[in-house]
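In: build me a structure from this.
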Amino acid sequence: MVKALKGYALLAAASLLAVTCWQERDMPWPLSMRGLVANGYMMLIGTRDGRPCASYPVCSDYARQAIMRYGLLLGSWIALDRLIHEGGDLAQGPYVLVRGRKRLYDPLVRNTFWLEDEHEH
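Out: Reported below is the predicted structural model:
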């Protein structure tokens, strides 16, 4: 877990650098900087963590959703917060069954409600 957090901190720092150095144009998602960072997380960190994510959606998909919705900087920090608080939430629930496995139900909106505009609902 410590290795994953260090790797993710490096990824967050790289995303901050990318945000300050490069403006995205109308690029398709996989080729955009956000897409590269999110897919990089899924392929590099998500597969090397050594344990399956106990939450649903899984951590790599959660990070992808956060980066897509809130951009590289804020999305990376939201994903990092999920990794940090994940263990503490496991005892509290709520839970869902995914392919026969009990997982903590922790969607993006559960942790970003304070960012939502009241008029979006």
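
In: low-confidence stretches in this structure?
Out: 1, 12-51, 87, 90, 117-121 (pLDDT under 70).

In: now the strands for it?
Out: Taking DSSP state E, the strands of the chain run over residues 55-56, 95-98, 101-105.

In: any idea which of the ones you listed gets closest to Ser76?
Out: Closest to Ser76 of these is strand 55-56 (Cβ to Cβ; 17.4 Å). (C-beta placed from N, C-alpha, C; glycine too.)

In: tell me what that closest one is packed against?
Out: For strand 55-56, the elements it packs on are helix 72-89, strand 101-105, judged by 3 or more Cβ pairs under 8 Å, 6 or more residues apart in numbering; DSSP states H and E.

In: hey, which of these is tucked in deepest?
Out: Of all these, helix 72-89 has the most neighbours on average by mean count of other Cβ atoms under 10 Å, namely a mean of 18.

In: next, the angle strand 101-105 makes with that helix.
Out: Interaxial angle, helix 72-89 versus strand 101-105 (axes from the mean of the first three to the mean of the last three Cα atoms, to 10 degrees): 120 degrees.
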